[in-house]
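K.L.:
only geometry, no sequence info:
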């Protein structure tokens, strides 16, 4: 029994031992896959976190980083950025990796001074790099031990990843732009970086190139050496930036005072000769230019060479570049577009009243809540000055050049130089273009027009002859009609006075002395060409032939047509006086057409009017040529419908040149025939000829019936006697005497239309005319050969024609969406206006260098067009335009002349402390790169490999940027450690 229990106990002990060994083996297996970080510090965990992020970025590569959301940096070319956030010691840090996709490009080479480099690339000559900084308000590490510890952490992580990326930590105050950095260059060399800035009190020695050169040499030469006598092969490159001075107001006043003796004053605005200067003075969009002179990399051996280089002229630089400094877009720009926007607001408000007088009396009516009482009405002195400029005597529409763009006529407005267009442009600046100010000015405007009519004063800025242009707005047509009538009224008044003085002589004339065949009253002077010239000399007329039939009386003859005779009677052909075509505005045409339709006539109104005119001409021709036939009328009125035989053309030509009319009778009658169109049976012209009576124009019924026009006249016109109207103005002259001319009812209708015009009808025509006139004024600006500007102006006219079409067809209502379209149109107008101002300024400043003007504007236009779709508040001021253009050798003198010597008032502001002056101007920025290259051969830290021993590296590099009051220095040093 004892042995049995003993054996069980031994077995149990053995089993326990096996279990213990088994558990120990399992624990050992588990320990093999367990990383114990309980003993690691927070700094070591921070390094591990940095290392993990770096390995991820290295494995992804540039292409995958782009797919994962890398951000392209603006104004830095092909440079992208990714970032990662991490924590250390209860602080949050952000690590950013900057990389390029074109790895083959030598991004760190500064011989060409690339302008799309990042600040750290320019300072230290690196390509890809890391930046780690705290996520704080300053974004820099203010504590020096913390900065060193942070840089050590990222250096260890980069070493663990075998990465050659340089890393930087921003330190000190943010305004100093200070950095410290490190880069592992393999197993042998390490490069260290340091940058800092002096914001004031720059040592005098460091203001000159010689002192900066010695500063660089002191970083690698022994301190006991005399640097001025030792030679070092230092590579040197320099870039100088000059800026044109801003416009000096003090100098302007001084020069203006000096030029009171009569010399030409230079104290004028830049846009005095621009087309918009009559209405406003625009701020110069060109704030100035920056001229960049570049010296490419060269070898400097001692400080004496640097002293000589400081005295060199910028003209000795290898390359010149010019950069435009456009004016910022801050604040509201004053121009046509801003006032047109206010005019659109006035149009929207015009639906709130029935008559223009209601807006004038709005301030006196307390119940007009919708009308803003804050709308300012200028004082009467300003109103009188505007009216004086509008109705200045002797100014006609021909004195104002019209726009050269044919698409301008697609906008139903008034021409730029016309009276109504000038009224609209004046309204833009009258009382901030509010509806009340416009109403006051319009009422006074109509009073002036009525005064011109009643006093027989010619209407200024309106053509007093010709036909009415139906492509313009209705107000301009009415003003053109009344201008023509005033001019004719003045002539008739003169004729009336002349006739009164000779009335006794007319009564005392005998019947034999009076001329029966010719009317003394003429309605239209014959044109210069009646298929032959009018001969007014009575000695050239053969009285035997002209009055061979005593029973036929010639009436209404304007004179003999040279070398043309009647086919049947062989008499000289006489050109008749004819009625002028009726002068009708667009609404008159529409009313007559409605009247014809109301009576149920099926013929076309325009065709009927032409038929009436043709019948009138036929009747007048028959009265002047009693023996004429239909073929004679065709030969005079429509020579293209008379076909002559070819073999007799030479005879006709010689007969036409003969001084004696009787010589042409030798080859009479002419051999010819009517055209096929005139020879057809039932021809309308022949039918009209057969039915037309022989009546001179003075006895015919006027083409325009004034009776119906008189039904629409003002009540004031009822006091006047009804007179027949010939082309809207008529004066009755009878054989027994002459009566005084009177105001026609057509003119009462015109004045009545202007006085009772609805506010929204007036504002609609004003908006169309103001947009067209403003665009026409801008289009007259001289800006050189800029194709982009030509395209923008053409597109603006097309946009305006489309946006203004609802106003031209009277489809506008108080709640119409057209108002928003018009406001968008004013935005588009402002964008073109800005570009045009820039083009004009560039053209004037670079008129001797047109290529530069074109290239700079092209760059700016391409830059501007990218943000053209944005609103005015989000203009391109958020991005800085910094594109450069290379200056050719023959253009350098032109740009040099832009840097005029500073005046006495400008000189005291700066103490010239730097060299390389350009016409007395020191550079606003000077950038210098010193570098020293060395071979690693013979260095005990170098490997024995032949490739390494022959490698040349940049051991020292210093970038210096600044002026006499500001100096920034960036240094990189390669060491073996």
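P.N.:
That came in fine, so what should we check first? All values derive from a computational prediction rather than experimental measurement.

K.L.:
could you check how far the nearest residue to residue 156 once chain neighbours are set aside is from residue 160?
P.N.:
Spatial nearest neighbour of residue 156, chain neighbours left out: residue 47 (5.3 Å); criterion: CB to CB, 6 or more residues apart in numbering. All C-beta atoms are positioned from the backbone trio N, CA, C, and that covers glycine. The spacing between residue 47 and residue 160, counted by CB to CB, to the nearest Å, is 8 Å.

K.L.:
count of residues packed around residue 682?
P.N.:
Using other CB atoms under 10 Å, residue 682 is surrounded by 6 other residues.

K.L.:
so for it, what's the pLDDT?
P.N.:
pLDDT for residue 682: 79.

K.L.:
did I read that right, it in a helix?
P.N.:
No - secondary structure of residue 682 (DSSP: H, G, I helix; E, B strand; the rest coil): coil, not part of a helix.

K.L.:
related to what we said a few turns ago, looking at residue 47 and residue 160, which has the bigger crowd around it?
P.N.:
residue 47 (20 against 14).

K.L.:
which positions in stretch 460-480 come out as buried?
P.N.:
460-464, 468, 472-480 (16 or more other CB atoms under 10 Å).

K.L.:
any stretches of the stretch 851-977 of the chain with poor pLDDT?
P.N.:
Where the stretch 851-977 of the chain drops to pLDDT under 70, the residues are 867-879, 904-913, 936-951, 977.

K.L.:
strands - which of the buried residues of stretch 460-480 land there?
P.N.:
Of the buried residues of stretch 460-480, none are assigned to strands by DSSP state E.

K.L.:
farthest-separated two in those?
P.N.:
Greatest spacing in the buried residues of stretch 460-480, by CB to CB: 460 and 474 (20.0 Å).

K.L.:
in a strand, that's where residue 611 is, yeah?
P.N.:
No - per three-state DSSP, residue 611 lies outside any strand segment and is helix.

K.L.:
how close does it sit to residue 701?
P.N.:
Distance of residue 611 to residue 701, given as CB to CB: 14 Å.

K.L.:
what's the answer for residue 767, then?
P.N.:
41 Å.

K.L.:
who's more crowded, these two?
P.N.:
Between residue 767 and residue 701, counted using other CB under 10 Å, residue 767 has the larger neighbour count: 25 against 11.

K.L.:
that one contacts residue 822, correct?
P.N.:
Yes - counting by CB atoms under 8 Å, residue 767 touches residue 822, with 6.9 Å between them.

K.L.:
joint contacts of these two?
P.N.:
Listed as contacting both residue 767 and residue 822 by CB atoms under 8 Å, 6 or more residues apart in numbering are 344, 347, 804.

K.L.:
which of those fall within helices?
P.N.:
With helices taken from DSSP state H, the overlap with the shared contacts of residue 767 and residue 822 comprises 344, 347.

K.L.:
which one of the shared contacts of residue 767 and residue 822 sits closest to residue 963?
P.N.:
Among the shared contacts of residue 767 and residue 822, and counting by CB to CB, the member closest to residue 963 is residue 344, at 49.1 Å.

K.L.:
distance check, the residue lying closest to the closest one once chain neighbours are set aside against residue 624.
P.N.:
Nearest non-adjacent residue to residue 344, counting by CB to CB, 6+ apart: residue 822, 4.5 Å away. Distance of residue 822 to residue 624, computed by CB to CB: 55 Å.

K.L.:
same deal with residue 866?
P.N.:
71 Å.

K.L.:
the more surrounded of those two?
P.N.:
A direct count of neighbours by other CB under 10 Å for residue 866 and residue 624 places residue 624 higher, at 27 against 10.

K.L.:
strands of the stretch 101-250 of the chain, start to end?
P.N.:
Secondary structure of the stretch 101-250 of the chain (DSSP state E, counting those that start in this stretch): strands at 129-134, 167-171, 178-184, 189-198, 234-243.

K.L.:
pretty sure residue 128 is in contact with residue 168, am I right?
P.N.:
No - Residue 128 lies out of contact with residue 168 (CB under 8 Å); the separation is 11.9 Å.

K.L.:
who has more neighbours, these two?
P.N.:
Using other CB under 10 Å as the criterion, residue 128 and residue 168 rank with residue 168 on top: 25 against 18.

K.L.:
so the more buried one is in contact with residue 130, correct?
P.N.:
Yes - counting by CB under 8 Å, residue 130 is a contact partner of residue 168 at 7.0 Å.

K.L.:
please report phi then psi for the residue lying closest to residue 788 once chain neighbours are set aside.
P.N.:
Spatial nearest neighbour of residue 788, chain neighbours left out: residue 861 (4.7 Å); criterion: CB to CB, 6+ apart. Main-chain torsions, residue 861, degrees, to the nearest 10: phi -60, psi -40.

K.L.:
so what's the residue count around residue 861?
P.N.:
Count around residue 861 with other CB under 10 Å applied: 19.

K.L.:
ok, so what distance separates it from residue 826?
P.N.:
Residue 861 sits 21 Å away from residue 826, going by CB to CB.

K.L.:
and residue 291, by the same measure?
P.N.:
37 Å.

K.L.:
what ranges do the strands span in the stretch 651-800 of the chain?
P.N.:
Secondary structure of the stretch 651-800 of the chain (DSSP E, counting those that start in this stretch): strands at 672-674.

K.L.:
where does it have low pLDDT?
P.N.:
For the stretch 651-800 of the chain, residues meeting the criterion pLDDT under 70 lie at 651-670, 704-748.

K.L.:
give the contact list for the residue nearest to residue 141 when sequence neighbours are not counted.
P.N.:
Computed as CB to CB, 6+ apart, the closest residue to residue 141 that is not its neighbour in sequence is residue 147, at 4.1 Å. With contacts defined as CB under 8 Å, 6+ apart, residue 147 is in contact with 141, 169, 171, 180.

K.L.:
got it, and residue 883?
P.N.:
By CB under 8 Å, 6+ apart, residue 883 lies in contact with 323, 324, 859, 860, 863.

K.L.:
in helices, which of those residues appear?
P.N.:
Per DSSP H, the contacts of residue 883 map to helices at 859, 860, 863.

K.L.:
from those, pick the one nearest residue 417.
P.N.:
Minimum separation from residue 417 among the ones in helices among the contacts of residue 883 (CB to CB) is found for residue 860, which lies at 32.2 Å.

K.L.:
assumed residue 340 was part of a helix.
P.N.:
Yes - applying three-state DSSP, one finds residue 340 inside a helix.

K.L.:
burial count for it?
P.N.:
23.

K.L.:
so where do the helices sit in the stretch 801-950 of the chain?
P.N.:
For the stretch 801-950 of the chain, applying DSSP state H, counting those that start in this stretch gives helices covering 805-808, 818-845, 850-865, 892-898, 904-907, 946-949.

K.L.:
before we move on, what about the stretch 651-800 of the chain?
P.N.:
With DSSP H, counting those that start in this stretch as the criterion, the stretch 651-800 of the chain has helices at 676-679, 684-691, 706-709, 745-755, 759-779, 787-803.

K.L.:
thinking again about what came up before, distance of the residue nearest to residue 788 from residue 804?
P.N.:
26 Å.

K.L.:
ok, now residue 835?
P.N.:
Relative to residue 804, and taking CB to CB, residue 835 is found at 21 Å.

K.L.:
what does residue 303 give?
P.N.:
For residue 303 relative to residue 804 (CB to CB), the value is 71 Å.

K.L.:
neighbours around the nearest residue to residue 285 once chain neighbours are set aside, how many?
P.N.:
In this structure, residue 285 finds its nearest non-sequential neighbour in residue 838, 4.4 Å apart by CB to CB, 6+ apart. Other residues within reach of residue 838, judged by other CB under 10 Å, total 24.

K.L.:
correct me if wrong: residue 838 contacts residue 860.
P.N.:
Yes - between residue 838 and residue 860 there is a contact under CB under 8 Å: 6.6 Å.
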